[in-house]
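1. just coords:
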């Protein structure tokens, strides 16, 4: 464990690099994940997320991608559709779910420059800053820099 960022994570997952962060971000991400997972409950944890199913606790997960992939494999993941005017947490979870099927564009009030991050370790998510209040997620990525 590195500990430099205080998260307890050695390497921050892609979702930690998007949007403005505040102390409640982890709670909002956990709530958005719980909303997509039928009968599973997700809670923030220093190293990622704890996951509980009706039969009891599951192993902790390091990122939203890990929770989403486990939910899909267990058949409890509700699908996601492209959307606009989403809160950051809902947009990040929707991007992770849509990335199970291919590249994604995530656009919104990001303070950084346009960039490409990788969801699930290999699926491109193009982060495109734009002047808006909400976030948008689309299921079709364009060649980066186009």
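-> Noted; the coordinates are in hand. Treat the numbers as computed from the prediction; the structure is a model and nothing was measured. Numbering: from 1, shown residues only.
2. got a list of what the residue lying farthest from the centre of the chain touches?
-> Largest separation from the mean C-alpha position in the chain: residue 55, at 25.0 Å (C-alpha atoms, centre = their mean). Applying C-beta atoms under 8 Å, 6 or more residues apart in numbering, one finds that residue 55 lies in contact with no residue. Bear in mind the C-beta positions are built from the backbone N, C-alpha and C, glycine included.
3. same question, residue 136
-> So, once contact is read as C-beta under 8 Å, 6+ apart, residue 136 ends up touching 82, 83, 84, 85, 86, 91, 105, 106, 107, 108, 130.
4. How much space separates the residue farthest from the centre of the chain from residue 12?
-> Separation of residue 55 from residue 12 (C-beta to C-beta, to the nearest Å) stands at 31 Å.
5. Also residue 19?
-> 13 Å.
6. just residue 101 next, same as before
-> Distance, residue 101 to residue 12, by C-beta to C-beta: 24 Å.
7. Can you show me the helices along this structure?
-> For the chain, the helices identified by DSSP state H occupy 25-36, 64-74, 88-98, in order along the chain.
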